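**Q** Sequence and predicted structure below; questions after.
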Amino acid sequence: MVVSSDLIIQVMIWGLYAGCIYILLATGLNLIFGVMKIVNFAHGELLMLGAYITFTFYAVSGFNPYVLLAASLPVLILVGVIIERTCFRPILGTGKLNEIFISIGLIYIIQNAAAIIWSDEWRTIHSPFEHITLKMFGVNLPLDYLIIVITTISILIVLFLFMQRTRLGKAMRATSQNRKGAMLMGINVERMDMLAFGIGAGLAGAAGTLWVVSGQVFNPYMGSIPAVKAFAIVIIGGLGSIPGAIIGGLIYGIAENFAILTLGGAWKDAISFIILILVLIVRPTGIFGESAE
Amino acid sequence: MIDMNKTLGIGSKKARLIGVILLLILAFTLPLIFGMNLYLLTVLILMVIFIIYASSWNFLTYTGQGSLGHAAFFGLGGYASAIVATASGLSPFITIFIGGGMAALVGLFIGIICVRLKEWFLAMVTFGFAIIIQTLMVSQFAEISGGWDGIAAPRLVPSSIPNYQLIEYYSIVLIAVFVILLFYFILKSKIGLAFAAIRENEIEARAAGINPVKYRLFAFLVSAYFSGVAGALEIHNLGYITPEIFGVDISFWPIIYSISGGLGTLAGPIVGTIFITIIWDGLQSFGLTYLRFVIIGLLLVLIIIFLPKGLISLPDKIKGYLEKRQKKAQ
């Protein structure tokens, strides 16, 4: 196989596109971790729910699925808030293994509830732009990919502005820096938990919507693997570090697509864990991670 | 202070003994009471295999570790045993221990990487290894593993022998009793004390001259070995093995069983496996497919929130509740 520079750029573009999905998931996970110091292993199920809710809206209304993102986001935020209140709040501070275990319960509930509601067939959403491909610098760039990259960047900018400029965002950052201190300053930390989980769920839902609108097939069990990868990214980037999540997401997306090119499609999922394990052997707390707590 | 009762189970010594004897009597007479009911026997065999598997998984938690990828060991044990038994013609009764050895060998490798990691990191790496091993099985080792189609495995007891399923059941029960007794003696020994010390406070354990890495690795090895044995038993019971054995479900089941029964106790995985199996197969007989997963998930969430020490703490909890009410009434 001749590896030309065009091919490398093409793979980079695929990686960038896959990376966007991972970035959205990983940022959400990190936000939740930063504020609540818990990890939601059922994050991929929120991605899957996002995909199905957009799918339902699309089937009912027939609007452009990208526009429907605005409608499915609030639904996902609500789902996130409900999950936080009913499942994670009662076990907060009872040990790290419990979060993992309760997530396993949630995975079973959400996956199979979705299978009951929407059946477990593979489904697709057809983007109105699916046949439009831009020719840039000698490579093919599907318009859908471009929209996804732009949407991801805009979501991240909005999130950044929210965290930096608004009172609520500042309160959230304060909570993630020092929960007790934030409490003493009169911040309602439990409301911050709710908010962080809601935003995290919303980001996962956005990732799910973008993933399926770009032509990926989906079923109720599609969420687990992307979520675990997102979590691996969070670990590589360092728990709680959002820049780490963005860089990690890009590295993952690109590495994964190069692995498919060189090792074959079977290695798509395994390669991300090999990277994770190699990183953890060298640095048990991740590349950007501060010292373990 | 390390409370040995906490390590071994709950309740008084006498109550525990009665429970164990009752359970053993039940295990040995159940198939006789119901006669040769094939469906029941199949369910019972799988249940006992999963008791071994869940107990092995739970063995890790004594040192404060956990794993989300025990399917790797379960599956490796199965594959190694099936391949060796087919190639050499040895009885599966011997090859299951070779399968366990294979699982332990890989477990040693994974364990060396994992002993320094904790909590989520450990969870992720173990989860990842299950996927990596599955990928290896369907790509690099496809020639000997049969790829996605899998391979056939000889039955534990040849089906030419009359009542072979009954013999299979009793042999598996005996192996389970042996494994749990072994765990009991390990936990009762100095090693068990070291485990508890590491789990409760690693720094203090170090100060007392306990090498946490050594003990964690030992726990990992033992856990991987008997998970491999359980995996081998399962595939020799089913008669075939496919890479599906490395699936997320197989990794999660022992966790669900152990948590619902009670983590870090010998009785927990046993009680949990029996309880969940009864519910699972009960729901199946009502024709529920997806809903039973939802119900199991709900049960798990409820148990974690309201019964963090698992079902085996239920009698104590009820007792405490009744005493409280009595006091209030007075």
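**A** Perfect, thanks for sending it. Numbers count the residues shown, from 1 in each chain, chains lettered A, B, ... in the order given.

**Q** what helix or strand does whichever residue of the stretch 151-293 of chain A sits closest to chain B sit in?
**A** Nearest residue of the stretch 151-293 of chain A to chain B: A:Phe273, at 2.8 Å (CB to the nearest CB). Any C-beta I mention is one placed from the backbone N, CA and C, and that applies to glycine too. Using DSSP states H and E, A:Phe273 falls within helix A:268-282.

**Q** Distance from stretch B:166-180 to the middle of the chain?
**A** 14 Å (CA atoms, centre = their mean, to the nearest Å).

**Q** Tally up the residues packed near residue 145, please.
**A** No chain specified, so I'll use chain A. 20 (other CB atoms under 10 Å in any protein chain shown).

**Q** nope, chain B
**A** With other CB under 10 Å as criterion, B:Ser145 counts 22.

**Q** pLDDT score for it?
**A** pLDDT, B:Ser145: 82.

**Q** how near is it to A:Arg85?
**A** B:Ser145 sits 46 Å away from A:Arg85, going by CB to CB, to the nearest Å.

**Q** got it, and B:Val177?
**A** 45 Å.

**Q** Name the residue in the two with the higher neighbour count.
**A** Legend: neighbour count by other CB under 10 Å for B:Val177 and A:Arg85, higher for B:Val177 (18 against 14).

**Q** Can you list the neighbours in contact with the helix holding A:Phe273?
**A** Contact partners of helix A:268-282, identified using CB atoms under 8 Å, 6 or more residues apart in numbering or on different chains, comprise A:225, A:229, A:232, A:235-236, A:251-252, A:255-256, A:259-260, A:263, A:286-287, B:113, B:117, B:121, B:124-125, B:127-129, B:131-132, B:134-136.

**Q** again with stretch B:111-122
**A** So stretch B:111-122 is contacted by A:39, A:96-97, A:100, A:231, A:235, A:239, A:277, A:280-281, A:284, A:292, B:65-67, B:125-126, B:212-213, B:216-217, B:220-221, B:224 (CB under 8 Å, 6+ apart).

**Q** ok, and the closest non-adjacent residue to whichever residue of the stretch 101-250 of chain B sits closest to chain A?
**A** Per CB to the nearest CB, B:Gly128 is where the stretch 101-250 of chain B lies closest to chain A, at 2.8 Å. Leaving aside its chain neighbours, B:Gly128 sits nearest to A:Phe273 (2.8 Å; criterion: CB to CB, 6 or more residues apart in numbering or on different chains).

**Q** For that neighbour, give me the pLDDT.
**A** 81.

**Q** burial count for it?
**A** Quick note: A:Phe273 (other CB under 10 Å) scores 22 neighbours.

**Q** so what's A:Ala230 up against?
**A** For A:Ala230, counting by CB under 8 Å, 6+ apart, the contacting residues are A:Tyr22, A:Leu25, A:Ala26, A:Leu29, A:His43, A:Gly44, A:Gly249.

**Q** Widest-spaced pair of those residues?
**A** Distance extremes for these: the farthest pair is A:Gly44 and A:Gly249 at 14.5 Å, using CB to CB.

**Q** Break down chain B into its strands, ranges please.
**A** Secondary structure of chain B by DSSP state E: the strands cover B:151-152, B:240-241.

**Q** which bits of the stretch 101-250 of chain A sit near chain B?
**A** A:101-102, A:104-109, A:111-113, A:115-116, A:120, A:224, A:228, A:231-232, A:235, A:239 (CB under 8 Å from any CB of the partner chain).

**Q** Restricted to helices, list these.
**A** Counting by DSSP state H, those place A:101-102, A:104-109, A:111-113, A:115-116, A:224, A:228, A:231-232, A:235 in helices.

**Q** and the residue of the stretch 101-250 of chain B closest to chain A, how many neighbours does it have?
**A** B:Gly128: 26 neighbours (other CB under 10 Å).

**Q** Residue 133: what's it in contact with?
**A** Picking chain A for this. A:Asn140, A:Leu141, A:Pro142, A:Leu143.

**Q** oops, I was thinking of chain B
**A** B:Ala72, B:Gly75, B:Leu76, B:Val106, B:Phe246.

**Q** okay if I get those residues as TSV plus neighbour count?
**A** Below are the contacts of B:Ile133 laid out as TSV (neighbours: other CB atoms under 10 Å in any protein chain shown):
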residue	neighbour count
B:Ala72	30
B:Gly75	32
B:Leu76	29
B:Val106	19
B:Phe246	28
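
**Q** farthest pair in these?
**A** Longest span within those, CB to CB: B:Val106 and B:Phe246, 12.0 Å.

**Q** residues contacting the spatially closest residue to A:Ile236 that is not a sequence neighbour?
**A** Nearest non-adjacent residue to A:Ile236, counting by CB to CB, 6+ apart: A:Gly248, 4.6 Å away. Counting by CB under 8 Å, 6+ apart, A:Gly248 touches A:Tyr22, A:Ala26, A:Ile233, A:Val234, A:Ile236, A:Gly237, A:Ile287.

**Q** And those residues, which is the shakiest by pLDDT?
**A** Lowest pLDDT among these: A:Ile287, with 63.

**Q** Show the pLDDT at the residue of the stretch 101-250 of chain B closest to chain A.
**A** B:Gly128 carries a pLDDT score of 86 in this model.

**Q** Run through the residues that contact it.
**A** Counted by CB under 8 Å, 6+ apart, B:Gly128 has contacts A:Val228, A:Ala232, A:Ala270, A:Ser272, A:Phe273, A:Ile274, A:Leu276, A:Ile277, B:Gly69.
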